[in-house]
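K.L.:
Need coordinates for the following:
(2 chains)
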Amino acid sequence: MAKLGIGTILAALAAAPLLVGCMEFDPGLAGEIELGTHVSDWHDEVIYQLLVDRFANGDSGNDFNVDLSAPGKWHGGDWKGVEDHLDYLADLGVTALWISPVVKNVETDAGFDGYHGYWTQDFAQPNPHFGDVPALRHLVKAAHDKGMKVILDIVTNHVGQLFYYDINENGQPDENVQGGHCPSDHYEKVTGCTASSTVQHVSEYDPDFDTRGIQAYTSLGESGPAPVIWNYDPASNHMPPMPEVFQNRDWYNQRGRTLDFDVVDQLLHGDFPGGLKDVNTSRCDVKQAMVDVFARWVELTDLDGFRIDTVKHVEREFWRYFAQKVRQRLGPQGKKNFLMFGEAFDGNDELVGSFTKNDLPAADVLARENRCVTDGIPIKAGDQLDSVFNFPQYYSAIREVFVNAAETQKIQDLWAQRPKHWGTEATRGGAGIVPSESPVNFLDNHDVGRFLYWEKSVPALQNALLFTFAEQGIPCVYYGTEQEFAGGNDPANREDLWTSGYDQSRSTFLWIQRLAKVRRTYRALTHGDQTVVWSTTRKADESDAGIFAFERSGGDAGKGYALVVLNTNPDHPSTTEFQGDRMKLDPAVAGKELVDVLSSSKSTVGGDGTLSLEVPARRGAILVPRDQVK
Amino acid sequence: MIAASVLLVGGGRAWAQPKPEGGGEPAPPTPARSDGPPKAEPPKADAPKPAPPKADDVKAAPAKVDDVKPPPAAVDAAKAEDKPPADAPKPPGALGFTFGSYGRIIAATDGHGGPGRDADVVARGSRMDEANYAELELRRDDYWKKTGATTRLVATLGIGNPIFHYNGEFDIKMAVRNLYIEERGLGADGLSVWVGSRMYRGDDIYLLDFWPLDDQNTVGGGVRYDAKQGTSVALHGGLGQPMNDFYLQQSQRQLPLNQPGVAAVKILDRQRFIGTAKLQHVQKVGADGAGLKGVLYGEVHELPSGQRQMEAQVYEAVPANHGWVAGLQLGAFSGNRDTHVNLFLRYARGLAAYGPFDRPAQLSPDKTAAGAHELRVAVGGNWEYGPVGVMLGGYVRSFRDASPGLDYADLDEGIVAARPHVFFNEWLGLAVEGSFQAQKRGVLLPPTAPDGSAQAPNGPLTARLYRVGVMPFLSPAGRGDYSRPQLRVIWTMTVRDDGAKQLYPQDDPLSLRTTEYFFGLGAEWWFNSSSYGG
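P.N.:
Next up, the predicted model:
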């Protein structure tokens, strides 16, 4: 009996390990996936920007190195947490999630953690703090199932602090002591150094910009280009960049820390302050690699767009190549209307808008750029990005007008420039939007203090929100705005959302919810052309101080019409009238009764098409013809 | 992901997460080992009370208490007792002090100048390449004529790798394993009660160094009743508080009453209770000592709620956790030459799915272990006839942590191993061993080749390896698969696939080498050390 039992069991045992195979990922979490187009018109979308580490912690299993005691540390949020709160976001009314970078980062540097995602170490690996590829896929799919889109934040300009310049050539990162004399004429010219200069301490991680590239230096003077040494500290993930092709030292400009962003050479080739090493994005192999790594993330997860970091620090030729090649690669796979909008942290509208221009470069330039093409599909157009983050408006309108109650004429002036500064044609195979009509508008974000930090007035915040939801473009809400967070500059503006309890009864949550609904309901607010009908240079006690009004009609809005009137004055009600001069509207609404869809109050346009409307301090109205009220 | 290691009690094997090995090498992480003390106990063959060995088996059978003459000191101690009345029950076994030990010692190379390494990918791999470990057990047995009871005090020290003559560090890695007292026959024949720290276990699979059904390492107590018809029932309850922040969190606070200085205050301080129940029946078949064995087994695990400090003045409620185990064992033994076979089936749920010394990780959204589960099916056996014998072992296991979806800690794994022996005479033998093991982990490899041509992974990471080993040995106690001591020459060759290599970090030799060798001299012994009692 024992022999028989052993024989039988032996046979079963021999087969058993081979049968270990019941572990299967859910469909769509493994293998290649089909890409789809989940956006019909980006004008209909409301973007919600979130920092994954701060939004929600859905998986305690990836909570390593979490330290809630300081805002500069890992806090434990992850993709699962985002997925768990999609209903919260849907209730808020947002339709597209802009998630912070997903790639593996430097773990910690100089006492600050890489929780934000902008310190890339490995372009191809997910950040284990946030989850794995199946978790990201699951999030994107869950969002799509709810009709929401997912936009990925990417960085092509730089990587994390992955190497140091061994200026003193002692083989270790340290501070190089220079001084007592000027090390070079160039240095003297740049810094004003004199022979009597005091000793200077130069960090080998983050030395000052040098057009020649960072130079080695000894007490006897310079000794040629400083060696670039990869860091190798697994614990802090200061490791050589990955994939391995990124370990080519020539892929980095090696010129040190940018001192003056107005100097083009420094702007484009300098390391980002903090030792973030600038990638040489003019190289063909770098361009190709960037397309490959980031298009791959779309192919793996079915993302719907890119928000691209620090675009002004990268050459236009790179954006032409990158944007067009990404579209050429994803389009045939079924990914249409893929949105790429960039971040140029600058108030210069011409500069910011330039990344959406599609001017065809000169033939010789185009020919040179096409030498980078390896797939046989040349770059034929000047197309760059589909849109940009509207920093000029942030400075001119949000900070100046809505926070500081400056004259509203600034807004009109800014808007008037946009068709000249921004692209006026949709990119080929791109998101299907005209850049100048589709800025990504915001009140604040992770790089600036929150609105309520600058102006501690919830009515002012809600008035500014009304502005971004009603103006032309795509509104973008920074996470925590709905909970009236008020943090200052980075990292204070990166609060943990869970401390709010995800309260859905807070007035600003309800306000955004309402604005999103109104925006969905009235097509004029998403597709109408935009005409300013009142702005003012007055900002004191005058009757129209702080008034800004514009119409949304025409365009693709059909017969839809909306009049948006805002009073940005913090002290008193204002009217759309000054010294007998009244606001004059589109003749099509002359004599019509308009209804404020936010308050239900009614106003009647005069037969001459004029309207005098009083608006309380820091309030606004969206008026539509009564026969269009829904 | 956070280390989701799930240790199987004091044996020190990581069930789910690679951990640095504390063995004879400078501690690079390996996929299936932990830095805890290696498990090292001698095997139990089959029935709790095997029939008296035949005369020609005495030398080959595992050493038993009554096989060993008590040392002079123990004899003297026994003499010092009053003689019991003629009708009193005879005291079982030897009285007085007894020394016992289990141990294994090895000197091996990997063929590249480094120490021989255990290349297993599964939690319980072949025993041939295990690291040094020894237990030193001191036992005292007394018989009390007034009550007819016997008292046994057991103290066992476990000694782990490395040892001084290897690394020159005049230090020792040692732990108290057993430290308990047991009363037998107090109040009723067949009744035993114990209190203390105890390795409390049932039957093992020798080849895999694995107790697949019941393997408790707690501080507590238990009671057992053995009926004369071969049925026994045992209950046990014990506590544990592993040193990790799932159980214990301390924070400094200023001393009270304005005294200068600080004191460590336990913010989270909770113990895991494990209760076990075991019903066992041994049915003799025929007159030659053969029999059948059946075991029903269960565990409950309870961990109370508590609170944890998140940051200064910020606290988080930590929920209670629960778990249970249900298990079954069916066995048969011939009563001759340790021939036996055992089949084990064990299912664990909730907290019990995680090893009791481990920090449960990858929890459910409510931060409990609810939903975690583990299924084990295992077989072990031995067959001997004349100069030949074969030992068998194998298991399949599926573990899912409490978090939804798959992650690194989720795994399926299995191994099958066989070790035939042949004895050329009473003291010289040769064993060969072959095994195959495979493991799947719930991870998808991220894209490493970003040119768009790389295929996305289609399923979880799968690791496989084959191993063959040859082991000539000396058996001074005579022939028998379980006869110890053994002095051995060990050679193994392990052929590993790419999946197995991917379980190791960059630059670890095991991440680079397809074929791994282990060649060395070793010895294994045991005597007077079976105090498990489970």
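K.L.:
per-domain residue ranges of chain A.
P.N.:
According to automatic domain parsing, chain A comprises the domains A:93-159+A:279-479, A:163-263, A:524-628.
K.L.:
quick one: terminal-to-terminal distance for the longest one?
P.N.:
According to Cα to Cα, to the nearest Å, domain A:93-159+A:279-479 extends 13 Å from its N-terminal end residue to its C-terminal end residue.
K.L.:
May I have the phi/psi pair for the residue nearest to the spatial centre of chain A?
P.N.:
For chain A, the residue nearest the mean C-alpha position is A:R307 (4.6 Å; Cα atoms, centre = their mean). Recorded main-chain torsions at A:R307 are phi -100, psi 130, according to degrees, to the nearest 10.
K.L.:
can I assume it is in contact with A:V155?
P.N.:
No: A:R307 is beyond contact range of A:V155, at 10.0 Å (criterion: Cβ atoms under 8 Å). To be clear about C-beta, it is placed using only N, CA and C from the backbone, and glycine gets the same treatment.
K.L.:
quick one: secondary structure of the most far-flung residue of chain B relative to its centre?
P.N.:
The centre of chain B is farthest from one residue, B:N258, which by Cα atoms, centre = their mean lies 49.7 Å away. What DSSP: H, G, I helix; E, B strand; the rest coil gives for B:N258 is coil.
K.L.:
which residues touch the residue in the stretch 51-200 of chain B that chain A sits nearest to?
P.N.:
Residue of the stretch 51-200 of chain B nearest chain A, by Cβ to the nearest Cβ: B:V122 (8.5 Å). Each residue near B:V122 by Cβ atoms under 8 Å, 6 or more residues apart in numbering or on different chains is listed here: B:A32, B:R397, B:E413, B:G414, B:I415, B:Q437, B:A438, B:Q439.
K.L.:
Can you tell me the element the third one falls in?
P.N.:
Read it as B:E413. strand B:411-423 (DSSP states H and E).
K.L.:
and that strand, which residues are buried?
P.N.:
For strand B:411-423, a neighbour-count test (16 or more other Cβ atoms under 10 Å in any protein chain shown) marks B:L411, B:D412, B:E413, B:G414, B:I415, B:V416, B:A417, B:A418, B:R419, B:P420, B:H421, B:F423 as buried.
K.L.:
Which residues does the last one form beta bridges with?
P.N.:
The reference is to B:F423. B:G429 (DSSP bridges).
K.L.:
you'd agree it is up against B:A431?
P.N.:
No: counting by Cβ under 8 Å, B:F423 stays clear of B:A431, with 9.8 Å between them.
K.L.:
Just the element for A:R54, please.
P.N.:
Using DSSP H and E, A:R54 sits within helix A:52-55.
K.L.:
How about A:R371: what's its closest non-neighbour residue?
P.N.:
Nearest non-adjacent residue to A:R371, counting by Cβ to Cβ, 6 or more residues apart in numbering or on different chains: A:C284, 6.7 Å away.
K.L.:
My read is that that neighbour contacts A:C372, right?
P.N.:
Yes: counting by Cβ under 8 Å, A:C372 is a contact partner of A:C284 at 3.6 Å.
K.L.:
quick one: buried residues of the longest helix seen in chain A?
P.N.:
As assigned by DSSP state H, the longest helix anywhere in chain A is helix A:284-301. Of the residues in helix A:284-301, A:286-301 count as buried by neighbour count, 16+ other Cβ under 10 Å.
K.L.:
of all those, which two lie farthest apart?
P.N.:
A:V286 and A:T301 (23.3 Å; Cβ to Cβ).
K.L.:
What's the first helix or strand after the helix-or-strand element of chain A with minimal mean pLDDT?
P.N.:
In chain A, no helix or strand scores lower on mean pLDDT, DSSP states H and E than helix A:2-15, which sits at a mean of 52. Moving toward the C-terminus from helix A:2-15, the first helix or strand encountered (DSSP H and E) is strand A:47-50.
K.L.:
Other residues contacting that next one?
P.N.:
A:82, A:89, A:92, A:94-100, A:151, A:307, A:440, A:442, A:445-446, A:474-479, A:497.
K.L.:
Cross those residues against helices and list the overlap.
P.N.:
A:V82, A:L89, A:L92.
K.L.:
which one among these gets closest to B:G306?
P.N.:
Using Cβ to Cβ, the ones in helices among the contacts of strand A:47-50 come closest to B:G306 at A:V82, 28.6 Å.
K.L.:
Compute the number of surrounding residues for the closest one.
P.N.:
27 (other Cβ atoms under 10 Å in any protein chain shown).
K.L.:
who's in contact with it?
P.N.:
A:L50, A:V52, A:F55, A:A56, A:G58, A:L97, A:I99, A:L139.
K.L.:
rewinding a little: from the contacts of strand A:47-50, which land in strands?
P.N.:
The strands, defined by DSSP state E, take in A:96-99, A:151, A:307, A:440, A:442, A:474-478 from these.
K.L.:
Name whatever forms a beta bridge with B:G520.
P.N.:
Beta-bridge partners of B:G520, as defined by DSSP bridges: B:A108, B:I490.
K.L.:
residues contacting it?
P.N.:
B:I106, B:A107, B:A108, B:T109, B:G116, B:V489, B:I490.
K.L.:
isn't the fourth one right up against B:F519?
P.N.:
What that stands for is B:T109. Yes: judged on Cβ under 8 Å, B:T109 makes contact with B:F519 at a distance of 5.6 Å.
K.L.:
Now do the shared contacts for the two.
P.N.:
With Cβ under 8 Å, 6+ apart, B:T109 and B:F519 have common neighbours B:G116.
K.L.:
rewinding a little: which among the buried residues of helix A:284-301 gets closest to A:Y205?
P.N.:
Nearest to A:Y205 among the buried residues of helix A:284-301, with distances taken as Cβ to Cβ, is A:V286, at 22.1 Å.
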